[in-house]
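Enquirer: coordinates only, no sequence provided:
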């Protein structure tokens, strides 16, 4: 079914042809292109439902086997454990031999992944050969990795990274450096897949989704690096700055954010983190227990890489957002406080004031970028950040309802006036074209 935009385009093309803007051959080519796109979108929906069907079948087989598991002898249990994997592998051989692409290949890859999980988990349970749970998921993760490249499957990449994340969260008892190396290895093994798609088409949907999966997996891996119950906030900021720097190296500013998941995830993550940091209570109740030197070395390691990327972007004269300087100053300040032993409840007010200043500066930079680039979304984001910090501080303060009401009305008026100004600016730019 055609969308309202396709129907609008059909009506407009009829008008263009009547007034002589385009000829009949051009209209036919445009209609053919968009009709093909409608068919492709319909196939995508069918593909999603097909993949879901294969997943449900695989899970159904597992549940049926689990229901009657105790009734089978050991030999039958081993055979049944490998049954989903064998079925998936057989179908995969047929798909690869006949060069079948699209959702069928993705579905077979996911089904085979489920088969690997079933085979390893059930075999480990039957023979009691897996001593630690994290090792079990690490083996499953390793066995899943070849399927990503064999089937050229983005969904399998997602499954691989999910399994790797589960493995990371189960590694509480191993050394921090081994855990870090494990996480870097798991993500690093999947990066060639993303690079391949990036070389093929950097704004392709597969490129965007695979990049998004890796960015989210990195966030989960960072979250799993807890040392003696202490989760370092600085590590999150450094990570989000890092992926923003990677995005700036891959894309120019004029490329749509919808095709740049590193930029989307990095900016959203930093907005949220810095907003949380503006609350005095966050720093007052922070865990002040000692953090091992190796943890600080890890933060310094990622920070040096991040600063190196930013310096490289400056040397290459890449047009990247200046907001990244605000993020770097904030994280360096917090790390300095921690290293000097000043990160404690007594300095909560100082940290809160400084980070409120950083957040307001960030909001104004975002607002200015939106106006300069005539970007309504970016401008409204800047206004939203200003409104959020204003409202948050009013809830923290003892002001009357009258004062709060006036401030809210003022914020709303600023939103309306800023959007009105941008609309006038756009109309003026269009008249000057």
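Expert: Noted; the coordinates are in hand. This structure is a prediction, so every number in the text was calculated from the model and none was measured.
Enquirer: please make it C-alpha for all contacts and neighbour counts, starting now.
Expert: OK.
Enquirer: where does pLDDT dip in the stretch 301-433 of the chain?
Expert: Within the stretch 301-433 of the chain, the stretches with pLDDT under 70 are 318-321, 374, 396-408, 411-412, 414-416, 418-433.
Enquirer: the helices in it, which residues?
Expert: Listed in chain order, the helices of the stretch 301-433 of the chain (DSSP state H, counting those that start in this stretch) span 323-339, 348-372, 376-396, 401-431.
Enquirer: what sits up against the shortest one?
Expert: So that's helix 323-339. 234, 237-238, 241, 244, 270, 343, 355, 358, 361-362, 365-366 (CA atoms under 8 Å, 6 or more residues apart in numbering).
Enquirer: buried residues, it. List them.
Expert: 323, 324, 327, 328, 330, 331, 333, 334, 335, 338 (16 or more other CA atoms under 10 Å).
Enquirer: cool, and stretch 342-358?
Expert: 342, 343, 344, 345, 348, 349, 351, 352, 355, 356, 358.
Enquirer: want to throw those into a markdown table with distance to residue 104?
Expert: Putting the buried residues of stretch 342-358 into a markdown table (distance: CA to CA, whole Å) gives the following:
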| residue | distance to residue 104 |
| --- | --- |
| 342 | 57 |
| 343 | 54 |
| 344 | 56 |
| 345 | 57 |
| 348 | 56 |
| 349 | 57 |
| 351 | 54 |
| 352 | 53 |
| 355 | 50 |
| 356 | 51 |
| 358 | 50 |
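Enquirer: surely residue 147 is in contact with residue 108?
Expert: No - with contacts counted by CA atoms under 8 Å, residue 147 stays clear of residue 108, the gap being 10.1 Å.
Enquirer: have a look at the two and say which one is more surrounded.
Expert: Comparing residue 147 with residue 108 by neighbour count (other CA atoms under 10 Å), the higher total belongs to residue 108, at 25 against 19.
Enquirer: what's the pLDDT at residue 6?
Expert: On the pLDDT scale, residue 6 is placed at 59.
Enquirer: any idea how far residue 207 is from residue 138?
Expert: 26 Å (CA to CA, to the nearest Å).
Enquirer: in the stretch 1-150 of the chain, which spans are helices?
Expert: Using DSSP H, counting those that start in this stretch, helices in the stretch 1-150 of the chain cover 4-19, 24-67, 74-97, 103-127, 133-151.
Enquirer: next: the stretch 151-300 of the chain.
Expert: Using DSSP H, counting those that start in this stretch, helices in the stretch 151-300 of the chain cover 154-169, 176-200, 205-224, 233-250, 261-277, 280-284, 293-315.
Enquirer: out of those, nearest to residue 92?
Expert: Ranking the helices of the stretch 151-300 of the chain by their distance to residue 92 (criterion: CA to CA) puts helix 154-169 first, at 13.3 Å.
Enquirer: now do that closest one: which elements does it pack against?
Expert: helix 103-127, helix 133-151, helix 176-200, helix 205-224 (3 or more CA pairs under 8 Å, 6 or more residues apart in numbering; DSSP states H and E).
Enquirer: between those helices, which one is closest to residue 388.
Expert: helix 205-224 (24.3 Å).
Enquirer: the closest one - what's its average pLDDT?
Expert: Here the average pLDDT along helix 205-224 is 88.
Enquirer: apart from its neighbours in sequence, what residue is nearest residue 167?
Expert: Take residue 167 and drop its neighbours on the chain: the residue closest to it by CA to CA, 6 or more residues apart in numbering is residue 134, 4.8 Å away.
Enquirer: wait, the one you found sits on residue 168?
Expert: Yes - using CA under 8 Å, residue 134 is in contact with residue 168, at 7.2 Å.
Enquirer: higher neighbour count, those two?
Expert: Ranked by neighbour count (other CA under 10 Å), residue 134 and residue 168 place residue 168 first, with 25 against 21.
Enquirer: and that one, what pLDDT?
Expert: In this model, residue 168 carries a pLDDT of 87.
Enquirer: show me what contacts it?
Expert: Per CA under 8 Å, 6+ apart, neighbours of residue 168: 134, 179, 182, 183, 221, 224.
Enquirer: ok, the first one to residue 184 distance?
Expert: Spatial separation of residue 134 from residue 184 under the definition CA to CA is 16 Å.
Enquirer: out of the contacts of helix 323-339, who's nearest residue 193?
Expert: residue 244 (19.9 Å).
Enquirer: higher neighbour count, residue 207 and residue 138?
Expert: residue 207 (23 against 20).
Enquirer: nearest residue to the more buried one in space, please, no chain neighbours.
Expert: residue 197 (5.3 Å).
Enquirer: burial count for residue 109?
Expert: By other CA under 10 Å, the burial measure for residue 109, its neighbour count, is 30.
Enquirer: actually residue 372, sorry about that
Expert: 11.
Enquirer: likewise the one 10 residues further on?
Expert: Counted with other CA under 10 Å, the burial measure for residue 382 works out to 25 neighbours.
Enquirer: looking at the helices of the stretch 151-300 of the chain, which is nearest to residue 394?
Expert: When the helices of the stretch 151-300 of the chain are compared (using CA to CA), the closest one is helix 280-284, at 13.3 Å.
Enquirer: need the residues that contact that closest one.
Expert: 276, 277, 343, 344, 345, 346, 347, 348, 349, 351, 352.
Enquirer: among these, which one sits closest to residue 258?
Expert: Nearest to residue 258 among those, with distances taken as CA to CA, is residue 276, at 25.5 Å.
Enquirer: follow-up on the earlier one: most widely separated two among the contacts of helix 280-284?
Expert: 276 and 346 (18.4 Å).
Enquirer: how near is the closest residue to residue 85 other than its chain neighbours to residue 136?
Expert: The shortest distance from residue 85 to any non-neighbouring residue, by CA to CA, 6+ apart, is to residue 115 (3.8 Å). To residue 136, residue 115 is 15 Å away according to CA to CA.
Enquirer: still on that earlier bit, need the contacts of helix 280-284 in a markdown table with distance to residue 90, can you?
Expert: Formatted as a markdown table, those follow (distance: CA to CA, whole Å):
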| residue | distance to residue 90 |
| --- | --- |
| 276 | 51 |
| 277 | 53 |
| 343 | 58 |
| 344 | 60 |
| 345 | 61 |
| 346 | 65 |
| 347 | 63 |
| 348 | 61 |
| 349 | 64 |
| 351 | 60 |
| 352 | 60 |
